[in-house]
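>>> sequence and computational prediction follow.
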Amino acid sequence: MKGFPKSVITKLALIACLTLLFVTVPVFAGAMQTGGERWITEWEVKWADSTDLAAVPGSVTASEGWSPNPSGMALPKRPGTSSTLWIRTKLPALNWDIPSMLIPKIYGQNIAIFIGTTPIYESNRDYIYDNNKVLTPLQKNDSDKILYIGVQSAKDRIGLRHGIELGNYPELLDNYVKRDLIDIILGCAFVFIALVMLICSVFLKKEQNASWISLSLVIASAGVLVITYSPFLYTFYKDYGKLYTRLWDVALFVLLPSLTYFIERIFGSGYRSVIKKLLYFQIGYSAFCLLFMLANIVLNDKLFGIHYFLSVRVLGIVMIVQAVLLVSNSIIHAVKGNRSAEILTVGFAVFGLTVIGEMVWFYLKDGNYDLFLWKWGAAVFIISLMLILGRNYTINHEQIVKYSRELEMFNNELQRSEKMAIISELAASVAHEVRNPLQVTRGFLQVLTKKYRNQDKLYMTMALEELDRAAGIITDFLTFAKPQFERISVLNVKEELGHVEGVIVPLANLQGAQIDMRVPDHLQVKGNSSKFKQAFINMVKNSIEALNGDGQINVWAYEMDERVVIHIQDNGEGMSKEELARLGEPYFSNKTKGTGLGLMVTFRIVEAMGGSLEFKSEKGVGTEAVVSFPSAAV
């Protein structure tokens, strides 16, 4: 698998969209269902300057100053410096067995709820987190009484959303617990995956650990962001609210440089090392913000204003710059055909579109909207990062396998070259010394043959034939050792193979073989005519001997990519993979009296002409030799 096809990228985008669809439909359906029997969707609001919510002030219970909540369920606008918002509504008849009230969304740091002037609920926070949900039981005798809700917040966002749900306590409790539980499940899943990856990193090599651990940090920090953003913890474990807000900051400080480092490891430093420079800046800025956060903790939040400016305002600009640079970098690589960049672009697009869409909707609703789709967009983005890492590991594995195969091939070729070099030296040093006494012996035997008759003469003739055979072997040795050609010329392949056919046809007819030769007229190569013929006579002769009787030998040639390719194919007994791998080795032959020198000489002749020789064979089917030479055609 060298890369993901474009269809995979399309499928990834489709899966991301379907995931968001299947997630958002149940969420919206859950938000619209009542879970009880009645909703209060109309109330009045009044602003006050008091900071104490322990009791309902008389100015609040007075009938003056109240106004209907503007724009239905939209959040009211804060007038001037007023710090407290009071909400008033009349309870209907409470006819349930255990009547209760669920406020699924109310914004404020401090909240107090009264039935008339009797307090029934109070929540105070010493940290800035304003997203609340409230469940409190009521009494049946509270029917038709006035409900007062006091809210204080340092943020502009303050008030009720979705209204107040009334119903039976068990049903509302189920809704109260489950409403934000999906955030915890998703965030914990991210953290769990990151922990497993960090444990597995122990078994990885050093060069793999960098990208693996950086992705683990990205996933872990994203999980912490999802968990600490959810109202679930602040509702059920609100005493640790400061810890949650600080974990949010730490996760953000870790996420940004980890993501940039992961992208830099996958795609490089970018144009003029802009990605690497951004990484250095983010590491320095995150470290500075962490130190400033520690100083703010030591000073008991006295530096909170500056810390908020650094970790929200400035960091928001850094995040925008980072997103622009990373997306631009991935798009550039995607245009160049990088599959990993295409996956990253799709993941970033899904994440970015969800964030942009929610922000647009947030502003259209004048802040009367909670962002929740971003976490699912982040899930798709993280999945895309995991796909990229897995794909890179797959490619690296394939490269290792490829390099191993090439190394094995080069090693075999080196061993073969060493064997050939040793044999060449031995052949060159021994052949001349052996040929001289053979020639002398043959001369004396020829003289003696004239003096003998009948049976003795037959013996002398056999001796001469064996000497000639030994001389032929020595000639092969010399050809193998020194395949240099005395005279190089441009050879017409059809003419040269025609001479080979003329020489070899009598042997083929004797064995019952048929030779079919189809060679165009225009094919030309450079080489020595006699050596060229010797090589092809050896190969055709081997094919004839492999037939063991009747059979067919096909010879054809053509020109392709400025090379002349010649095929010699027979339907003989064929060879196994083990035999095929040993072709051309010294003294390897399938013949009873073969020395293996003929094919060795053939390999050397083809090599000396700048060509290549490859054999294909299957046991019981036949063998095909494919010879390729540089074309000499003008």
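Great, that's in hand.

>>> tell me how far stretch 250-258 is from the chain's mean position?
23 Å (Cα atoms, centre = their mean, to the nearest Å).

>>> contact partners of it?
With Cβ atoms under 8 Å, 6 or more residues apart in numbering as the test, stretch 250-258 has contacts from 214-215, 217-218, 220-222, 224-225, 228, 279, 282-283, 286, 289-290, 293, 311, 315, 318-319, 322. In short, each C-beta sits where N, CA and C put it, glycine included.

>>> try 10 Å
Stretch 250-258 is touched from outside by 213-229, 278-290, 293, 311-312, 315, 318-319, 322, 378, with contacts defined as Cβ atoms under 10 Å, 6 or more residues apart in numbering.

>>> got the domain boundaries for the chain?
Annotated domains of the chain cover 6-28+188-403, 38-178, 489-630 [automatic domain parsing].

>>> so where do the strands sit in the stretch 251-400 of the chain?
Under the criterion DSSP state E, counting those that start in this stretch, the stretch 251-400 of the chain contains no strands.

>>> all the helices of the stretch 1-150 of the chain, in order from the start?
Under the criterion DSSP state H, counting those that start in this stretch, helices of the stretch 1-150 of the chain are mapped to 6-32, 58-61.

>>> least confident of those helices, on average?
Mean pLDDT values for the helices of the stretch 1-150 of the chain show the minimum at helix 6-32, a mean of 46.

>>> distance to Tyr459 added to the domains of the chain, as CSV?
Listed next are the domains of the chain as CSV, based on distance: least, Cβ to Cβ, whole Å:
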stretch, distance to Tyr459
domain 6-28+188-403, 61
domain 38-178, 109
domain 489-630, 20
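
>>> and the ones you listed as JSON lines, adding distance to Gly443 and mean neighbour count?
Below are the domains of the chain laid out as JSON lines (distance: least, Cβ to Cβ, whole Å; neighbours: other Cβ atoms under 10 Å):
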{"stretch": "domain 6-28+188-403", "distance to Gly443": "59", "mean neighbour count": "17"}
{"stretch": "domain 38-178", "distance to Gly443": "110", "mean neighbour count": "17"}
{"stretch": "domain 489-630", "distance to Gly443": "25", "mean neighbour count": "17"}
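
>>> A strand includes Arg405, no?
No: under DSSP: H, G, I helix; E, B strand; the rest coil, Arg405 sits outside any strand and is assigned helix.

>>> what pLDDT does it get?
82.

>>> what number of residues lie near it?
Using other Cβ atoms under 10 Å, the number of residues around Arg405 comes to 10.

>>> re earlier: among the contacts of stretch 250-258, name the ones in helices.
Of these, the ones assigned to helices by DSSP state H are 213-229, 278-290, 293, 315, 318-319, 322, 378.

>>> re earlier: which one of the domains of the chain lies closest to Leu414?
In terms of Cβ to Cβ, the element of the domains of the chain nearest to Leu414 is domain 489-630, at 14.2 Å.

>>> please tell me how far Gly498 sits from Val601.
22 Å (Cβ to Cβ, to the nearest Å).

>>> leaving out sequence neighbours, find the closest residue to Trp39.
Gly163 (5.0 Å; Cβ to Cβ, 6 or more residues apart in numbering).

>>> tell me if I'm right that that neighbour and Thr41 touch.
Yes: at 4.2 Å, Gly163 counts as touching Thr41 under the criterion of Cβ atoms under 10 Å.

>>> by mean pLDDT, flag the weakest helix or strand of this protein.
helix 6-32 (a mean of 46; mean pLDDT, DSSP states H and E).

>>> how about Tyr176: what's its closest non-neighbour residue?
Here the residue nearest Tyr176, using Cβ to Cβ, 6+ apart, is Leu135, at 4.4 Å.

>>> name whatever forms a beta bridge with that neighbour.
According to DSSP bridges, the residues that bridge with Leu135 are Leu102.

>>> before we move on, what about Gly622?
With DSSP bridges as the rule, Gly622 is bridged to Glu618.

>>> thought it was touching Gln552?
Yes: if you go by Cβ under 10 Å, Gly622 and Gln552 touch, sitting 8.9 Å apart.

>>> which neighbours do those two share?
With Cβ under 10 Å, 6+ apart as the test, Gly622 and Gln552 both reach Ser543, Gln569, Asp570, Asn571, Gly572.

>>> wait, Trp47 touches Gly150, no?
No: look at Trp47 against Gly150 with Cβ under 10 Å: they stay out of range, at 11.2 Å.

>>> shared neighbours of these two, anything?
Thr84, Leu85, Trp86.

>>> out of these, who's nearest Ser328?
After measuring the shared contacts of Trp47 and Gly150 against Ser328 - Cβ to Cβ - the closest member comes out as Leu85, at 44.0 Å.

>>> how close does the closest one get to Leu310?
For Leu85 relative to Leu310 (Cβ to Cβ), the value is 30 Å.

>>> residue ranges of the helices in the stretch 251-400 of the chain, please?
Using DSSP H, counting those that start in this stretch, helices in the stretch 251-400 of the chain cover 274-298, 304-308, 315-335, 339-364, 374-449.

>>> any chance of a markdown table for those helices, columns distance to Glu579?
As requested, the helices of the stretch 251-400 of the chain are arranged in a markdown table below (distance: least, Cβ to Cβ, whole Å):
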| stretch | distance to Glu579 |
| --- | --- |
| helix 274-298 | 55 |
| helix 304-308 | 78 |
| helix 315-335 | 48 |
| helix 339-364 | 42 |
| helix 374-449 | 16 |
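
>>> nearest to Asp126, out of those?
helix 304-308 (11.1 Å).

>>> and the closest one, how far out from the chain's middle?
40 Å.

>>> would you mind writing the CA trace of that helix as CSV?
Provided in CSV are the C-alpha atoms of helix 304-308 (Å, rounded to 0.1, in the frame of the first residue of the first chain):
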residue,chain,number,x,y,z
PHE,A,304,-6.0,36.4,37.1
GLY,A,305,-6.7,39.3,34.7
ILE,A,306,-3.3,39.1,33.1
HIS,A,307,-3.4,35.3,33.0
TYR,A,308,-6.9,35.4,31.3
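
>>> helices or strands up against it?
Counting contacts by 3 or more Cβ pairs under 10 Å, 6 or more residues apart in numbering; DSSP states H and E, helix 304-308 packs against helix 274-298.

>>> find the nearest non-adjacent residue to His499, please.
Lys533 (5.9 Å).

>>> oh, that last question was meant for Asn571, not what I typed.
Gly622 (4.2 Å).

>>> enumerate every residue touching that neighbour.
543, 546-547, 551-554, 569-575, 616.

>>> mind doing that once more with 7 Å?
Counting by Cβ atoms under 7 Å, 6 or more residues apart in numbering, Gly622 touches Gln569, Asp570, Asn571, Gly572, Gly574.

>>> which of these fall within helices?
Using DSSP H, none of the contacts of Gly622 sit in helices.

>>> can you name the two of those that sit furthest apart?
Most distant of these, by Cβ to Cβ, are Gln569 and Gly574, 11.2 Å apart.

>>> Leu94 and Leu166: what is the separation?
7 Å.

>>> not counting sequence-adjacent ones, nearest residue to Gly270?
Using Cβ to Cβ, 6+ apart, the nearest residue to Gly270 is Asn329, at 5.1 Å.
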